[in-house]
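Visitor: Make a model of this:
(one chain, ligands or ions: 2)
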Amino acid sequence: MSTPLPLTIDQIHKSARQLAQLRPSYAVMLDFYEAVFTAQEKSKGDIDLEPIQLSPETLANRGPEGLALVAVADFRIDPAASERLLKTLCELIIAHATQIKASAAAVSDALASGSLQTQDLFTGLLHSNDRLLQDTAAAIGAESTALAFLAYHSLQPSLELCAVQLATYLDTAAVWRKGHCPVCGSRPGLAVLDAEGRRSLYCSFCRHQWRAPRIFCANCENTRASELHYFFSEDEKDLRVDVCNRCRHYIKSIDQRALARPVYLPLEQITSLHLDMIAADKGYSGGVDLNLEN
Ligand SMILES: [Zn+2]
Ligand SMILES: [Zn+2]
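Guide: Ligands and ions are numbered 1, 2, ... in the order given. Below you'll find the predicted structure:
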């Protein structure tokens, strides 16, 4: 991997502070997400996961289609650690008075009274069981989108650790010529150009990062340079939007050649929402839902 994510809490903090100075309109959002990502990072020390063993046959059968190592539903999670993180996240949301405060309070009450079965909730989320999510939310008096946000962010440390373990089956130095994450099959949420101009893509579901072709649309796998362009603002040379004029999709890109600050990709994704709006105004689609990229 060319640009590993800085994983320490101190680095998340430095990245958040610098982004808040650069883009003050995101300051409140940054305070909140710094707290969320810090809680996730702390939770990792608390997680116990059995490694996923992939047989040589499974690996060999990925074939020329370039299948992902596993499906999202195959990820292992630590339900007890995730439930503890869920409680912490509810407290954070209530303290930061975000829009989903009322739902967080409802989840918090349901956890305290034992009326929320978190194991079912987490499994349902991994299986994209929208019905279960909606029924659970209705039963405890929360919004289903808020419940999905909370459940996903509670699972995230397990997902990330699981992806790190699975990535040991991959040749991470090789360029992956498919548009999906080689670990979980999700669409990338960001592109990164490293200091040498090598391009990688970042999965906002499992946070795996992989080498990708420089001229390449991750949506339609187009490699025709005449149809692939990018735009950027003179004020923000470290950010650009790569667009494909064949499928009209875009992906935001962090250009580390133009940047001298610590990078924590989950924060970069959040503090570049203005680019999603510009891309949409120009008629491109493809923004990734930050909370449920799946
Ligand atoms: Zn992934
Ligand atoms: Zn395309």
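
Visitor: Can you name the residue of the stretch 1-150 of the chain nearest to ligand 2?
Guide: With CB to the ion as the measure, residue 66 is the residue of the stretch 1-150 of the chain nearest to ligand 2, at 16.7 Å. The way it works is simple: take the backbone N, C-alpha and C, and place the C-beta from them, glycine included.

Visitor: got any ranges where the stretch 51-200 of the chain has weak pLDDT?
Guide: Applying pLDDT under 70 to the stretch 51-200 of the chain picks out residues 63-64.

Visitor: near ligand 1, which residues of it show up?
Guide: For the stretch 51-200 of the chain, the residues in contact with ligand 1 (CB under 5 Å from the ion) are 181, 183, 184, 186.

Visitor: Tell me which two of those sit farthest apart.
Guide: 183 and 186 (8.6 Å; CB to CB).

Visitor: what touches both of those two?
Guide: 203, 206 (CB atoms under 8 Å, 6 or more residues apart in numbering).

Visitor: what about those two, which has more around it?
Guide: Using other CB atoms under 10 Å, the more surrounded residue of residue 183 and residue 186 is residue 183, with 27 against 19.

Visitor: Isn't that one up against residue 168?
Guide: No - counting by CB atoms under 8 Å, residue 183 sits too far from residue 168 to count as a contact (10.5 Å).

Visitor: What is the helix or strand harbouring residue 280 packed up against?
Guide: Taking DSSP states H and E as the definition, residue 280 sits inside helix 273-281. On a contact count with 3 or more CB pairs under 8 Å, 6 or more residues apart in numbering; DSSP states H and E, helix 273-281 meets strand 236-244, strand 250-255.

Visitor: I'd like the distance from it to the chain centre, please.
Guide: Its chain's C-alpha centre and that of helix 273-281 lie 18 Å apart, by CA atoms, centre = their mean, to the nearest Å.

Visitor: Could you do stretch 259-279 as well?
Guide: That offset, for stretch 259-279, works out to 12 Å (CA atoms, centre = their mean).

Visitor: ranges for the helices of the stretch 101-250 of the chain?
Guide: For the stretch 101-250 of the chain, the helices defined by DSSP state H, counting those that start in this stretch occupy 101-113, 118-126, 130-140, 144-166.

Visitor: Any chance of TSV for these, columns mean neighbour count?
Guide: Below are the helices of the stretch 101-250 of the chain laid out as TSV (neighbours: other CB atoms under 10 Å):
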stretch	mean neighbour count
helix 101-113	18
helix 118-126	19
helix 130-140	16
helix 144-166	22
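
Visitor: First residue to last residue on stretch 21-35, what's the distance there?
Guide: 17 Å (CA to CA, to the nearest Å).

Visitor: May I see the buried residues of that stretch?
Guide: Neighbour counts over stretch 21-35 (16 or more other CB atoms under 10 Å) mark 23, 26, 29, 30, 32, 33, 34, 35 as buried.

Visitor: Out of those, which sit inside strands?
Guide: Judged by DSSP state E, these include no members of strands.

Visitor: Alongside ligand 2, which residues does the protein contribute?
Guide: Counting by CB under 5 Å from the ion, the chain sits next to ligand 2 at 217, 219, 220, 222, 244, 246, 247.

Visitor: now for those, which pair is the farthest apart?
Guide: The largest separation in the residues of the chain next to ligand 2, counting by CB to CB, is between 219 and 246 at 9.0 Å.

Visitor: Between the two, tell me which one has more neighbours.
Guide: For residue 219 and residue 246, the more surrounded residue by other CB under 10 Å is residue 219, and the numbers stand at 18 against 14.

Visitor: I'd like the secondary structure assignment at residue 51, please.
Guide: Per DSSP: H, G, I helix; E, B strand; the rest coil, the local secondary structure of residue 51 is coil.

Visitor: burial measure for it, as a count.
Guide: Residue 51, neighbours per other CB under 10 Å, totals 11.

Visitor: residues in contact with the residue lying closest to residue 104 once chain neighbours are set aside?
Guide: Distances taken as CB to CB, 6 or more residues apart in numbering place residue 93 nearest to residue 104, at 3.8 Å, with adjacent residues excluded. By CB under 8 Å, 6+ apart, the contact set of residue 93 is 32, 100, 101, 104, 150.

Visitor: Good, we can wrap up now.
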